[in-house]
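Enquirer: need a 3D model of the following:
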Amino acid sequence: MTSTAIELRGLRKSYGTKVVLDDVDLTVRAGTVTALLGPNGAGKTTTVHILSTLLRPDGGAALVNGCDVVRDPEGVRAVIGLTGQFSAVDSLLTGEENLLLMARLRHLGGKRSRTRTAELLEQFDLVESARKPLATYSGGMKRRLDLAMTLVATPSVLFLDEPTTGLDPRSRHTLWDIVRGLVADGTTVLLTTQNLAEADELADRIAVLDGGRIVAAGTPDELKRLVPGGHLRLRFADPATLDDAARLLDGSIRDDAGLALTVPSDGGVRALRAVLDRLDAADLEVDDLTIHTPDLDDVFFALTGRADAKEAQS
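Expert: Below is the predicted model:
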């Protein structure tokens with residue numbers, strides 16, 4: 001195991017005249033979570049399919065734990081697990097039977113298959129339902145079983161392609177906790193998602209894909225700092241105080257109906273103190289204050305959709 005678990009260099013993929021991946025570079029450190037964020041058609045799933053050897057790239061290089069996906073696909077498959085957008089469990093089998101089948105397909109042997117199945121049923125809280133038909137499973141239970149099947153052979157690199165699609169909030173948070181536990185034990189996770197809260201909760205780093213290119217990459221906080229839009233909203237008790245504050249705070253935007261001002265700010269303590277000190281010096285009292293800093297929604301809207309806009313103009 002090297003410190004770099006996944007590396008993409010100049011990765012390209014097209015379908016006819018449609019360019020899906022256009023010179024993509026990406027590095028994922030071992031034992032971390034990296035999220036690929038982007039709209040439909042941005043190239044997220046194609047990237048995962050290339051890394052898991054399901055698709056052959058047209059150019060560039062893709063390596064997993066140092067193994068090239070083209071030159072050494074067997075080496076890649078030996079260390080990875082993949083959970084796709086839709087559940088791959090067999091509805092005719094019980095949860096236990098699904099896990100045993102996967103263990104045997106991975107050539108674990110009879111004794112090890114039974115042991116590993118028992119471990120995963122315990123880990124994913126499926127012991128009580130292990131021998132029940134999948135028709136009795138909720139969507140969250142099926143998703144947990146799907147992930148458990150992916151982990152039968154204990155992969156060191158895990159690809160999760162929109163893993164919480166269709167799950168209710170409780171099931172989603174349960175799956176997030178499972179992923180955190182896997183990463184704490186050293187697993188590397190590459191996650192594709194359109195769920196911005198999911199990326200913010202799980203990812204050490206985020207790469208934003210748009211039109212087959214990575215348009216930004218960094219930690220969630222770094223990406224939020226790329227986007228303008230932070231502000232303070234100050235509410236006052238009466239119109240006279242609002243008038244005085246508006247004259248004092250240049251660049252603020254009035255909301256007369258709400259008796260409020262919106263003041264551009266990075267949301268930092270220093271900027272907040274400066275505004276409050278100016279108001280205090282003028283003996284102007286703030287009735288209520290809220291702070292808005294850019295979130296991943298702002299990042300998503302600011303950085304994606306440009307490729308579609310260019311295509312529409314051409």
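Enquirer: state the helix or strand in which residue 262 lies.
Expert: strand 260-264 (DSSP states H and E).
Enquirer: also residue 158?
Expert: Residue 158 belongs to strand 157-161, assigned by DSSP H and E.
Enquirer: residue boundaries of the helices in this structure?
Expert: Secondary structure of the chain (DSSP state H): helices at 44-51, 73-77, 95-105, 110-123, 139-150, 169-184, 196-202, 220-226, 239-248, 269-281, 296-303, 306-313.
Enquirer: is it true that residue 239 touches residue 257?
Expert: No: taking contacts as CB atoms under 8 Å, residue 239 lies outside contact range of residue 257: 10.6 Å. C-betas here are computed from N, CA, C, even on glycine.
Enquirer: tell me which of the two has more neighbours.
Expert: Each of residue 239 and residue 257 has its neighbours counted (other CB atoms under 10 Å); residue 239 has more, 10 against 6.
Enquirer: residue contacts, the closest residue to residue 49 other than its chain neighbours?
Expert: Nearest residue to residue 49, sequence neighbours excluded (CB to CB, 6 or more residues apart in numbering): residue 55, at 4.2 Å. The contact partners of residue 55, taken as CB atoms under 8 Å, 6 or more residues apart in numbering, are 13, 46, 49.
Enquirer: need those residues in a markdown table with neighbour count and pLDDT, can you?
Expert: Output for those, formatted as a markdown table (neighbours: other CB atoms under 10 Å; pLDDT from 0 to 100):
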| residue | neighbour count | pLDDT |
| --- | --- | --- |
| 13 | 22 | 97 |
| 46 | 22 | 94 |
| 49 | 18 | 95 |
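Enquirer: from the residues you listed, which is closest to residue 278?
Expert: residue 46 (51.9 Å; CB to CB).
Enquirer: so who does residue 290 touch?
Expert: 232, 233.
Enquirer: same thing with residue 151?
Expert: 81, 120, 158, 182.
Enquirer: so the third one makes contact with residue 185?
Expert: No: under the criterion of CB under 8 Å, residue 158 makes no contact with residue 185, lying 11.1 Å away.
Enquirer: neighbour count for those two, which is higher?
Expert: A count of neighbours by other CB under 10 Å puts residue 158 above the other of residue 158 and residue 185, at 24 against 9.
Enquirer: I'd like the distance between that one and residue 174.
Expert: 17 Å (CB to CB, to the nearest Å).
Enquirer: and for residue 223?
Expert: 26 Å.
Enquirer: repeat for residue 6
Expert: On the measure of CB to CB, residue 6 and residue 174 end up 26 Å apart.
Enquirer: next, the angle from the strand holding residue 158 to helix 169-184.
Expert: Inter-element angle recorded for strand 157-161 and helix 169-184: 160 degrees (by axes from the mean of the first three to the mean of the last three CA atoms, to 10 degrees).
Enquirer: what strands line up against strand 157-161, and which way round?
Expert: Using DSSP bridges, strand 157-161 pairs in its sheet with strand 80-83 (parallel), strand 188-193 (parallel).
Enquirer: deepest of these, which one?
Expert: Per residue and on average, the most neighbours among the strands paired with strand 157-161 fall to strand 188-193, with a mean of 25 (mean count of other CB atoms under 10 Å).
Enquirer: got a list of contacts for that one?
Expert: Contacts of strand 188-193 (CB under 8 Å, 6+ apart): 5-6, 28-37, 44-45, 47-48, 51, 156-164, 179, 182-183, 198-199, 202-203.
Enquirer: derive a ChimeraX selection command for the buried subset of those.
Expert: Buried subset of the contacts of strand 188-193, written as a ChimeraX selection, criterion 16 or more other CB atoms under 10 Å:
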select :5,6,28,30,31,32,33,34,35,36,37,44,45,47,48,51,156,157,158,159,160,161,162,163,164,179,182,183,198,199,202,203
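Enquirer: just for the stretch 201-314 of the chain, where's the confidence low?
Expert: The stretch 201-314 of the chain contains residues with pLDDT under 70 at 267, 306-314.
Enquirer: break this protein into its domains for me.
Expert: 4-225, 229-293 (automatic domain parsing).
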